[in-house]
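Q: for reference, the sequence and a predicted model appear below.
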Amino acid sequence: MSDIIQLLPDNIANQIAAGEVIQRPSSAVKELLENAVDAGATEIKLIVNDAGKALIQVIDNGKGMSETDARMAFERHATSKIKNIEDLFRIKTMGFRGEALASIAAVAQVELKTKKSADTVGTYIEIENSAVIKQEPCAYNVGTSISMKNLFFNVPARRNFLKSNSVEMRHIVDEFIRVSMAFPNVFFSLTSNGQEVFHLEAGNIKQRVVQILGNNYNAKLVPVKEHTDYLDVYGFIGKPDTAKKTRGDQYFFVNNRYIKSAYLNHAVNTAYDSLLPKDSFPSYVLFIDLDPEQIDINVHPTKQEIKFEDEKITYAFVQAAVKHALAQFSIAPSLDFTLNANIQSLSAVSNPFTEEKKEAASSSNLYKTFTQKNQAHFIEKSDKNELKHWKDFYDPASKKYEDEQRETNKEKQETRNGEQETIFQIANFKHQTLNFELTQLHNTYIISPTPKGFMLIHQQLAHERILYEKYSKAAHQQQTITQKSLFPVNLELGAADAVLLNELLEDVNALGYQIEPFGNNSFVIQGTPADVLQGNEKNSLELLLEQFKHFSSDIKFSKREKLVRCITRQNAIKAGQSLSQKEMQTLIEDLFKCQTPNTTATGNPTFMEFKEDYLDRMFTKW
Ligand code: ADP
Ligand code: MG
């Protein structure tokens, strides 16, 4: 009885391992789509029911599996993609860990149909709790169909952890987009509850980007295309006017694998530099291809984060490629380029600085690409200061990045502190008629005398309170104030946004929009809430969707509450806007008609009152 360690049975071990790979329906979608891509399919169909909770099926016309392989595929660590440890460093496929199918078989009921072109019959297999419960020959076309039903049917704790269908569906759409964007030469479709949401004919990258992000991108994409010995950077970036207020359409693919990288994202942002309005984010779809030995994909179970052998070089190339593209299309003045002296020395960076290396570096493709193709790239003859140069080049960049990170962390900290401290007591000021002259300070604050002191009102926060109450009322009592648009506005969205808007349509309309679906990802805006400027209908709605996506990780609010908060923030008068006497008066009057005038919905004070006795105490010693 003193020995207590046991080996876990396979199905439990698999269930535990599955937790890493299959966290939610979208993770299974990603794995199955990637398997289909790896199988060389040119047509891949994804079918989901109930946001993947009831069914996820992927049908491909790839190379299929033999009978033995079909069974083997569901074993843990079963893969056809690597054979030895060296292979791990030259991975060209999406998968290689051999865990996905084993994980899926541990947490869902799986049905597989598959046939290779050389075989006359195919194989049908049914699996539950990691065990094969049925296997028989079957007739099938070439390729593979895998359906997984009732995800987490045997792990109720996990199943309960799943979010609402709309949230899970959004994750699925995200994964679908990431894979389909990376392989534009493959046909993809996504059908949800019997309705086809995406139908992406095979084409080139630009066509795929437009299919996914929407037609309005068509004229707004700038091609990026740089070929060097070390890596290739290509794809499209959005003209500065496609920049969004929240991180939206930003995609990096490294060897066709979607990755997240704050570091590379920073490289793109700094390349746009002053071209972007403050606090906005550029759109981009960028592919980086390089020798697989230069990256490590195996640092994260779902492979969304990768390690670059030389992160700084990659940073510099991406930044230069984007700058170059913007310059070539006359979006940025070409004079901006002083980068090249540094880039030129890059291939020498990782190596000791010998004369031959210098020679080799300057005759490499890399060097030539950035010299000959574009005069905007000014090349300095290398000199003794070379080492110093590239240091200057990187250090400020990476330091700036770190500084910014630190800055945002600090800001977060400060708001938190601010929430706890209320320096001045906030009076519950019942407002009297305003006979006083109001003063606007720094286009942000309004100073209003009160019978016994004065009040300092924050114009934006005050207006947020007013709008918040107005929209909440509208949303809950269906009493909306809609202003008809002079001309109905046509809105064409990317398929993902169209899915989202369809889902939100009822709620958005309850807030005062009048939007009708018009088929094929288009909508017509007939009216908007009264606060939206005429002519700004489209922008306001796009911004609303953006903000909603941004907000959606916050689970404590209902869909409608989130919308109310987004639309409030969007339409509030901003700090910095100059206001007339009349506008200030109306603002203050409206504020004090609110039920809770003192704070915004998020709890910031909207005004402070300074009373006579408080002022007296400030100025008299005793
Ligand atoms: P990995 O993709 O990491 O190899 P998986 O568990 O996803 O591991 O798949 C195991 C193996 O099953 C793959 O290596 C491949 O040989 C085979 N396989 C999976 N899906 C397909 C498919 N759609 N078509 C053909 N073969 C497949
Ligand atoms: Mg796989």
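A: On my side now, so go ahead. Ligands and ions are numbered 1, 2, ... in the order given.
Q: for ligand 2, what are the nearby residues on this protein?
A: Within reach of ligand 2 by C-beta under 5 Å from the ion, the chain has these residues: 35, 95, 100. Placement of C-beta: from N, CA and C, glycine included.
Q: considering only the residues you listed, which also neighbour ligand 1?
A: 35, 95, 100 (C-beta under 6 Å from any ligand atom).
Q: in a markdown table: those residues, plus pLDDT, neighbour count and secondary structure.
A: Output for these, formatted as a markdown table (pLDDT from 0 to 100; neighbours: other C-beta atoms under 10 Å; DSSP: H, G, I helix; E, B strand; the rest coil):
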| residue | pLDDT | neighbour count | secondary structure |
| --- | --- | --- | --- |
| 35 | 97 | 23 | helix |
| 95 | 85 | 19 | coil |
| 100 | 93 | 24 | helix |
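Q: which of the residues of the chain next to ligand 2 lies closest to ligand 2?
A: Comparing the residues of the chain next to ligand 2 against ligand 2 with C-beta to the ion places residue 95 closest, at 2.7 Å.
Q: which other helices and strands does whichever strand or helix holds residue 498 contact?
A: Using DSSP states H and E, residue 498 sits in helix 495-510. Secondary-structure packing of helix 495-510 (3 or more C-beta pairs under 8 Å, 6 or more residues apart in numbering; DSSP states H and E): helix 165-182, strand 195-200, helix 205-213, helix 459-477, strand 514-517, strand 522-529, helix 537-551, helix 559-571.
Q: cutoff 7 Å now
A: Packed against helix 495-510, as judged by 3 or more C-beta pairs under 7 Å, 6 or more residues apart in numbering; DSSP states H and E, are the following elements: helix 165-182, strand 195-200, strand 514-517, helix 537-551, helix 559-571.
Q: show me which residues of this structure are close to ligand 1?
A: Listed as neighbours of ligand 1 in the chain under the rule C-beta under 6 Å from any ligand atom: 31, 35-36, 38-39, 60, 62-65, 73, 78-81, 95-102, 144.
Q: in helices only, show me those.
A: 31, 35, 36, 38, 100, 101, 102 (DSSP state H).
Q: in this structure residue 186 contacts residue 201, no?
A: No. With contact defined as C-beta atoms under 7 Å, residue 186 does not reach residue 201; the gap is 10.0 Å.
Q: who's more crowded, the two?
A: Neighbours were counted for residue 186 and for residue 201 using other C-beta atoms under 10 Å; residue 186 has more, 23 against 11.
Q: tell me the spacing between that one and ligand 2.
A: 16 Å (C-beta to the ion, to the nearest Å).
Q: domain assignment for the chain?
A: 10-200, 205-328, 414-622 (automatic domain parsing).
Q: closest one to residue 2 among those domains?
A: The minimum distance between residue 2 and these falls on domain 10-200, with 23.6 Å, by C-beta to C-beta.
Q: span of the closest one from start to end?
A: One end of domain 10-200 to the other measures 40 Å (C-alpha to C-alpha, to the nearest Å).
Q: swap in stretch 501-518?
A: First residue to last in stretch 501-518 (C-alpha to C-alpha) measures 12 Å.
Q: show residues contacting that stretch.
A: 166, 471, 474-475, 478, 480-482, 493, 523-530, 545, 548, 559-560, 563-564, 567 (C-beta atoms under 7 Å, 6 or more residues apart in numbering).
Q: was I right about residue 11 contacting residue 127?
A: No. Between residue 11 and residue 127 there is no contact under C-beta under 7 Å: 10.7 Å.
Q: comparing these two, which shows the higher neighbour count?
A: Neighbour tally, residue 11 and residue 127, criterion other C-beta under 10 Å: the higher count belongs to residue 127, 23 against 15.
Q: surely that one forms part of a helix?
A: No. Counting by DSSP: H, G, I helix; E, B strand; the rest coil, residue 127 is not found in a helix; it is strand.
Q: make a ChimeraX selection of the buried ones in the contacts of stretch 501-518.
A: With 16 or more other C-beta atoms under 10 Å as the criterion, this ChimeraX line picks the buried residues out of those:
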select :471,474,475,480,482,493,523,525,526,527,528,529,545,548,559,560,563,564,567
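Q: give me the low-pLDDT residue ranges for the stretch 501-622 of the chain?
A: 550-557, 621-622 (pLDDT under 70).
Q: report how many residues lie close to the residue of the stretch 451-600 of the chain found nearest ligand 2.
A: Across the stretch 451-600 of the chain, the shortest distance to ligand 2 (C-beta to the ion) belongs to residue 496, at 23.9 Å. Using other C-beta under 10 Å, residue 496 is surrounded by 22 other residues.
Q: in this structure it contacts residue 175, no?
A: No. The pair formed by residue 496 and residue 175 falls short of the contact definition of C-beta under 7 Å, at 11.1 Å.
Q: please name the residues that touch residue 268.
A: Neighbour list for residue 268: 282, 284, 318, 322 [criterion: C-beta under 7 Å, 6+ apart].
Q: in stretch 9-18, what's buried?
A: In terms of neighbour count (16+ other C-beta under 10 Å), stretch 9-18 has its buried residues at 14, 15, 17, 18.
Q: my bad, stretch 561-580
A: 561-573, 579.
Q: so for the closest residue to ligand 1 within the stretch 451-600 of the chain, what's the pLDDT?
A: Closest residue of the stretch 451-600 of the chain to ligand 1, C-beta to the nearest ligand atom: residue 495 (23.8 Å). Note for residue 495: predicted pLDDT of 83.
Q: how about it, what does it touch?
A: Taking C-beta under 7 Å, 6+ apart, we find residue 495 in contact with 197, 198, 212, 521.
Q: out of those residues, flag the one nearest to ligand 2.
A: For the contacts of residue 495, the nearest to ligand 2 is residue 198 (21.5 Å; C-beta to the ion).
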